[in-house]
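Chemist: Generate a structure from the sequence data that follows.
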Amino acid sequence: MSFVNIRLPRKFQLETPSIRIHCSYVYFKMSEHKKKRMTDKHIQMYEDDVVKSFEYHLRDLGNMDNDFKTFWGTKWCSITKKCLNVAKNAFVLRKAFEMFRAKYVSHQFSEKKSSFSDLFVVTDEISILTNLCKHVGLNTDEFMVLGLNLHRRQCVTFLLNKCTNMVQ
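Modeler: Next comes the predicted model:
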């Protein structure tokens, strides 16, 4: 299987024929502070970059089918499914992290010292992730392969940042 790189801004990567799209992942990986500063103009620029990357992808195609519906169905449906999958994964991870932050805040009011293991109870977090996966229609087993570790890492980073900010 060979991949053809398409000219994109550095923050995006789009390859064919498997069409790997990391566009919304860039937004997902941004810090909350950066997301809050983003304006509608910035969001429009991200959307424009995604559209441009699809345009470049279409330009690099060889022969096109003579029927537009066939052409559109074969080229766009796979991209749409992959974008939907990225959105589902991002939703599950973001909502699970919001729940973890809420748990952190509630522990802050309890006046007792909390360790990471008090806040991040693996069985509880797996249950939360499982329910969110069911809600959006993701295969739970496939998601847990990487999703649980991504969620754990995000929670650890959050707590480390909170500890660092308290020291300063």
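Chemist: where exactly do the helices run in the chain?
Modeler: Secondary structure of the chain by DSSP state H: the helices cover 23-29, 32-37, 40-59, 68-109, 116-119, 122-136, 140-167.
Chemist: mind listing what's buried in the fifth one?
Modeler: Judged by neighbour count (16 or more other C-beta atoms under 10 Å), helix 116-119 contains these buried residues: residue 119. Just so you know, the C-beta spots here come from the backbone N, C-alpha and C atoms, and that holds for glycine as well.
Chemist: In terms of secondary structure, what does that helix contact?
Modeler: Contact partners of helix 116-119 among helices and strands, from 3 or more C-beta pairs under 8 Å, 6 or more residues apart in numbering; DSSP states H and E: helix 68-109, helix 140-167.
Chemist: circling back: redo the helices of the chain as CSV? Include mean pLDDT.
Modeler: Below are the helices of the chain laid out as CSV (pLDDT from 0 to 100):
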stretch, mean pLDDT
helix 23-29, 44
helix 32-37, 58
helix 40-59, 75
helix 68-109, 86
helix 116-119, 84
helix 122-136, 95
helix 140-167, 86
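Chemist: Tell me the confidence at the residue of the chain most remote from its centre?
Modeler: For the chain, the residue at maximal distance from the C-alpha centroid (C-alpha atoms, centre = their mean) is residue 66, at 35.7 Å. pLDDT recorded at residue 66 is 81.
Chemist: could you redo the helices and strands packed on helix 116-119 as JSON lines and give each row distance to residue 50 and mean neighbour count?
Modeler: Converted to JSON lines, the helices and strands packed on helix 116-119 look like this (distance: least, C-beta to C-beta, whole Å; neighbours: other C-beta atoms under 10 Å):
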{"stretch": "helix 68-109", "distance to residue 50": "9", "mean neighbour count": "14"}
{"stretch": "helix 140-167", "distance to residue 50": "22", "mean neighbour count": "13"}
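Chemist: Adding distance to residue 127, write those out as a markdown table.
Modeler: Output for the helices and strands packed on helix 116-119, formatted as a markdown table (distance: least, C-beta to C-beta, whole Å):
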| stretch | distance to residue 127 |
| --- | --- |
| helix 68-109 | 10 |
| helix 140-167 | 11 |
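Chemist: Out of those, which gets nearest to residue 120?
Modeler: Residue 120 sits nearest to helix 140-167 of all those, at 5.4 Å, using C-beta to C-beta.
Chemist: Give me the distance between that closest one and the centre of its chain.
Modeler: Distance of helix 140-167 from its chain centroid, counting by C-alpha atoms, centre = their mean, to the nearest Å, is 14 Å.
Chemist: so what does that helix touch, helix or strand wise?
Modeler: Checking 3+ C-beta pairs under 8 Å, 6+ apart, helix 140-167 ends up next to helix 68-109, helix 116-119, helix 122-136.
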